[in-house]
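Participant: Sequence and predicted model, in that order:
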Amino acid sequence: MRPREAMRLALRDLYANSWRLVPVNAALGVLLFAVGVLTVASRGALVLAIVAGPFAAALVHCAVTLVRTGNLVLVDAFDGLRLHWRRGLALGAAGTALVWLGFLAVHFYSGSHYTWPLVFVTVYVLLLLGIYQIILWTLAIAEPNRPLRVVAVEAAALGAGRPGSTLLLGLALLLVNLGGVAAALMPFLTFTIAYSFIAVAHFALPRPPTEDLV
């Protein structure tokens, strides 16, 4: 599915199911915001972001369920948390490690006049890895019985097979989330994260038969 169509369908789904997605999205957003505030005081607090992993997994489960079935109920969020909390912790740990290594790299390269161009290279690589991460989360939650290493290869293959579309979608969702942050805190916490996961689910998962009629 093309990025524009994935984002259009995600907007439709979010509009129809926003009140069901808001609670788990808000819980995830509050956790991430709290980790961000604590990290300002102590960099070691970034490790607490791992705790947000199960809540992110529950939100991805909601997005996958919505895209696959066209229907979502509040209990799906609890089912997602129960089914995927271990995988959420693993993916959360990987994501936290990525952010930590990226922070260290940017800090190191920005400390010298001769290496500052590498800051831009590092940020670009982090952007690509961030896009890969959100695809990995989607496929990992959509196929919980498959080993993570297998899903990781499939996520990489999807991105490599559709590099332009994947990068375009990633940049568009980055702008959406930055716009949410700039507009106000609460819209960011309650809408844009869920919207991003739904859009990626439409982009990465096989198209449901009923969607051909949309």
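Facilitator: Cool, got the structure.

Participant: Give me the pLDDT value at residue 181.
Facilitator: On the pLDDT scale, residue 181 is placed at 71.

Participant: Next one: it relative to residue 191, how far apart?
Facilitator: 12 Å (C-beta to C-beta, to the nearest Å). For every residue, glycine as well, the C-beta is placed using N, CA and C.

Participant: Between the two, tell me which one has more neighbours.
Facilitator: Neighbour count, other C-beta atoms under 10 Å: between residue 181 and residue 191, residue 191 has more, with 20 against 12.

Participant: Could you pull up the contacting residues of the more buried one?
Facilitator: Going by C-beta atoms under 8 Å, 6 or more residues apart in numbering, residue 191 touches 14, 18, 22, 25, 180.

Participant: what about the helices in this structure?
Facilitator: With DSSP state H as the criterion, the chain has helices at 3-41, 53-69, 75-109, 117-142, 148-161, 163-183, 185-187, 193-204.

Participant: now those as TSV including distance to residue 47?
Facilitator: Below are those laid out as TSV (distance: least, C-beta to C-beta, whole Å):
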stretch	distance to residue 47
helix 3-41	9
helix 53-69	12
helix 75-109	6
helix 117-142	17
helix 148-161	20
helix 163-183	23
helix 185-187	23
helix 193-204	21
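
Participant: If you average pLDDT over each of those helices, which is lowest?
Facilitator: Among the helices of the chain, helix 185-187 scores lowest, at a mean of 54.

Participant: hang on, the earlier thing: most packed of the helices of the chain?
Facilitator: Among these, the stretch with the highest mean neighbour count (mean count of other C-beta atoms under 10 Å) is helix 193-204, at a mean of 26.

Participant: Quick check: the residue nearest to the spatial centre of the chain vs residue 38, distance?
Facilitator: Centrality entry for the chain: nearest residue to the mean C-alpha point is residue 134, 4.0 Å, by C-alpha atoms, centre = their mean. Going from residue 134 to residue 38 by C-beta to C-beta gives 24 Å.

Participant: What of residue 99?
Facilitator: Distance, residue 99 to residue 38, using C-beta to C-beta: 14 Å.

Participant: Kindly report the same for residue 76.
Facilitator: Separation of residue 76 from residue 38 (C-beta to C-beta): 30 Å.

Participant: Find the residue closest to the residue nearest to the centre of the chain in space, skipping its chain neighbours.
Facilitator: residue 200 (5.2 Å; C-beta to C-beta, 6 or more residues apart in numbering).

Participant: so the one you found sits right up against residue 173, yeah?
Facilitator: Yes - contact criterion C-beta atoms under 8 Å: residue 200 and residue 173 qualify, at 7.5 Å.

Participant: Overlap in contacts, those two.
Facilitator: Common contact partners of residue 200 and residue 173 (C-beta under 8 Å, 6+ apart): residue 134.

Participant: Fine by me, we can end here.
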